[in-house]
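K.L.:
I'd like to go over a predicted model; first the sequence, then the structure.
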Amino acid sequence: MIDKNKQYKTRDGREVRIYATDGGGIYPVHGAIKNESGWYLAQWYSDGRHIRSNESPSDLIEVKPRIKIERWIVVYENGEVNTLKTPPVPADYGRFAVKHISFEVEEGEGLNAV
């Protein structure tokens, strides 16, 4: 079910605004899709499909929040590895290398991986 309090895009990546999810009839979800010339009205089934059969470029796909991860990996001469959320202090006995990593993930990304 589509929730008007969540953010969506179309299957092909266009921006979407959802105005209502209780419109009634076979297309209860009402909103608009943005294209090069502006916004145009659109309607969807309650599950976000734009047409009954097959996938459509205008189907709704939920946009999940992105989370920025920033860590420092510290490798010591004895092979020990430590992960820090803040930069390490300047001089630490036995430190071999420090690597800063930063990346973004989508909320829930990788949880269904096999």
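P.N.:
Sure thing, it's come through.

K.L.:
who's in contact with stretch 20-32?
P.N.:
Defining contact as C-beta atoms under 8 Å, 6 or more residues apart in numbering, one finds that stretch 20-32 is touched by 1-4, 16-19, 39-46, 48, 60. Where C-beta positions appear, they are placed from N, C-alpha and C, glycine not excepted.

K.L.:
could you redo the last one with a cut-off of 6 Å?
P.N.:
The contact list for stretch 20-32 (C-beta atoms under 6 Å, 6 or more residues apart in numbering) reads 2, 4, 16-19, 39, 41-44, 46.

K.L.:
buried subset of those residues as a ChimeraX selection?
P.N.:
Taking 16 or more other C-beta atoms under 10 Å as the burial criterion, the selection of buried members of the contacts of stretch 20-32 in ChimeraX is written as:
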select :2,16,18,42,44
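
K.L.:
can I get the contacts of stretch 20-32 in CSV including distance to residue 85 and secondary structure?
P.N.:
Formatted as CSV, the entries for those read as follows, by distance: C-beta to C-beta, whole Å; DSSP: H, G, I helix; E, B strand; the rest coil:
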residue, distance to residue 85, secondary structure
2, 36, coil
4, 36, coil
16, 35, strand
17, 37, strand
18, 36, strand
19, 41, strand
39, 41, strand
41, 46, strand
42, 43, strand
43, 46, strand
44, 41, strand
46, 42, coil
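
K.L.:
from the contacts of stretch 20-32, pick the one nearest residue 81.
P.N.:
For residue 81, the closest of the contacts of stretch 20-32 turns out to be residue 16, at 43.2 Å, with distances computed as C-beta to C-beta.

K.L.:
those strands in the protein, which residues are they?
P.N.:
The residue ranges that make up the strands of the chain, judged by DSSP state E, are 8-10, 16-20, 29-35, 38-44, 60-62, 66-76, 81-84, 95-106.

K.L.:
kind regards, and thank you for your time.
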